[in-house]
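J.: structure for the following, please:
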Amino acid sequence: MKKIFTTLLTCAALLSGLNSASVEASNLDTYRNLLAKGTLTLKYENITPLPRATNKDKMNFYGRDGMALEKASFLTNRQLDGIVVINGNDKYEEVAYGEHSMCSLSKGELVYYFTRVVTNKNKAEYYGTMGKKNQVAATDRNMQITFMSGESYADPVMTRLLSAILPASQKGADMPDYQYVGSGWLDNGLNYEDYRSNNNGVMEAVRYYFNGYTLVKIAAANYYDREDGKLDGSKFIIKIKEFSPTPDMSYLSLPVGVKDTTKKK
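T.: Numbers count the residues shown, from 1 in each chain. Model prediction:
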C-alpha cells in the first residue's frame with residue numbers, strides 16, 4: 001500500500017503541471033453511464049479506512065444511541081464494506097464495520113434509516129426509529145444536500161471517487177472537478193486510467209484499475225500544506241467486488257420482519 005501511495009503522490013506532483021486531456025478514457029464510460037442512468041449494483045471493500053484517534057468515544061448508528069465503551073473495538077482501524085444498489089428513484093446504501101451495518105433505503109422522496117447488527121448466533125437484528133427493534137419510519141429526503149453534494153454512494157470516500165468520473169453537469173455544487181490525464185498498462189496485466197483534481201489547495205490523484213474492461217480497484221491519494229508548513233495527506237485503496245448494470249432488487253425493500261411505522265400524511 002505504501003508503494004501505491006508513493007506512486008500516486010509522485011503522479012499527482014507530476015500531473016499538477018500538465019494541462020488536462022480533452023478526451024476522457026473509454027474504460028470508465030461503462031461505469032459513468034451506469035451512474036448517470038441509475039441502474040447498478042456495487043459491492044466493495046475499503047481496505048484503508050480512515051484511522052481513528054481513539055476508540056473511547058461513542059459513535060451514533062442509525063437507530064442506536066452509541067455503543068458501550070467495552071464494545072467499541074469496532075470503531076478502530078477496521079475494514080469497511082459497502083453496498084450500493086440503485087434502480088431509478090430507489091436506492092439502497094450500506095456501510096458495514098464488522099458485525100455492525102449502517103443502512104439507508106430511499107424510495108422516491110422518502111428515506112428509511114436503520115442499523116443491522118449480526119449477533120454472536122449469526123442472526124441479524126434490525127433497529128430503526130428511536131432505537132426500536134424491527135420498526136422504522138421514513139423521513140423526507142434532504143434535496144438541498146443532494147443538490148450541494150450530489151448523489152451519495154455509501155461512504156464519503158466512495159462517493160467522491162465515483163463522483164470524480166461524472167461530468168460536471170451531474171455533480172453536486174460542492175464537488176471538485178477531476179480531469180482525465182492519462183492511461184497505461186502494468187506488468188501484471190492490469191490497465192489503468194488516471195484522474196486528478198486541485199481544489200482549494202488540496203491535490204488529489206485517483207487511479208482506476210481494470211482487468212480488461214472490468215473495474216477491479218481504485219487507489220487515491222491526496223496531499224496539502226498544513227498551516228505549519230508541513231505536508232499532510234491521506235490514501236485509500238478500494239477493492240471492487242461487483243459493479244454490474246443489474247440492480248439486486250432484494251435490497252430495495254425493507255428487510256423481512258421490519259415494520260414500516262411511517263405516519264401517513
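
J.: quick one, what contacts Ile218?
T.: Leu161, Val206, Arg207, Tyr208, Tyr209, Phe236, Ile237, Ile238, Ile240 (Cβ atoms under 8 Å, 6 or more residues apart in numbering). C-beta coordinates here come from the backbone N, C-alpha and C atoms, glycine included.

J.: hmm, the last one is touching Tyr44, no?
T.: So the one you mean is Ile240. Yes - between Ile240 and Tyr44 there is a contact under Cβ atoms under 8 Å: 5.2 Å.

J.: the more surrounded of those two?
T.: Set side by side, Ile240 and Tyr44 show unequal neighbour counts under other Cβ atoms under 10 Å, the larger going to Tyr44 at 24 against 20.

J.: in which helix or strand would I find that one?
T.: strand 39-46 (DSSP states H and E).

J.: would you list the phi and psi of Gly38?
T.: Backbone torsions of Gly38, given as degrees, to the nearest 10, read phi 80, psi 40.

J.: now do it, the pLDDT please.
T.: In this prediction, Gly38 carries a pLDDT score of 93.

J.: and it, how far from Gly82?
T.: Relative to Gly82, Gly38 is positioned 17 Å away (Cβ to Cβ, to the nearest Å).

J.: which one of these two is surrounded by more residues?
T.: Gly82 (22 against 14).

J.: ok, the more buried one touching Ala96?
T.: Yes - Gly82 lies in contact with Ala96 (Cβ under 8 Å); the separation is 7.3 Å.

J.: which non-adjacent residue is nearest the residue most central in space within the chain?
T.: The residue lying closest to the centre of the chain (Cα atoms, centre = their mean) is Met158, at 2.4 Å. Leaving out its chain neighbours, the residue that sits closest to Met158 by Cβ to Cβ, 6 or more residues apart in numbering is Gly82, at 5.8 Å.

J.: OK, contacts around Leu40?
T.: Leu34, Val84, Val85, Ile86, Phe243, Ser244, Pro245, Thr246, Pro247.

J.: for these, which entry has the maximal number of neighbours?
T.: Top of the contacts of Leu40 by neighbour count (other Cβ under 10 Å): Val84, with 26 neighbours.

J.: note down every partner strand of the helix or strand hosting that residue and its orientation.
T.: Here Val84 sits within strand 80-87, counting by DSSP H and E. Sheet pairing of strand 80-87 (DSSP bridges) gives strand 39-46 (antiparallel), strand 90-97 (antiparallel).

J.: got the CA coordinates for the strand holding Tyr44 in CSV?
T.: Taking C-alpha atoms only, strand 39-46 is exported to CSV below (Å, rounded to 0.1, in the frame of the first residue of the first chain):
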residue,chain,number,x,y,z
THR,A,39,-29.3,1.2,-12.6
LEU,A,40,-26.5,-0.7,-10.8
THR,A,41,-25.3,-3.0,-8.0
LEU,A,42,-22.0,-2.1,-6.4
LYS,A,43,-20.2,-4.0,-3.7
TYR,A,44,-16.7,-3.1,-2.5
GLU,A,45,-14.2,-3.1,0.3
ASN,A,46,-12.3,-0.1,1.5
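
J.: just how off-centre is that strand within its chain?
T.: Offset of strand 39-46 from its chain centre (Cα atoms, centre = their mean, to the nearest Å): 9 Å.

J.: which residues of the stretch 51-200 of the chain fall in helices?
T.: For the stretch 51-200 of the chain, the helices defined by DSSP state H, counting those that start in this stretch occupy 143-149, 156-163.

J.: identify the residues contacting Leu110.
T.: Ala138, Thr139, Asp140, Arg141, Thr262.

J.: what sits closest to the first one if chain neighbours are left out?
T.: With sequence-adjacent residues excluded and distances taken as Cβ to Cβ, 6+ apart, Ala138 is closest to Leu110, at 3.9 Å.
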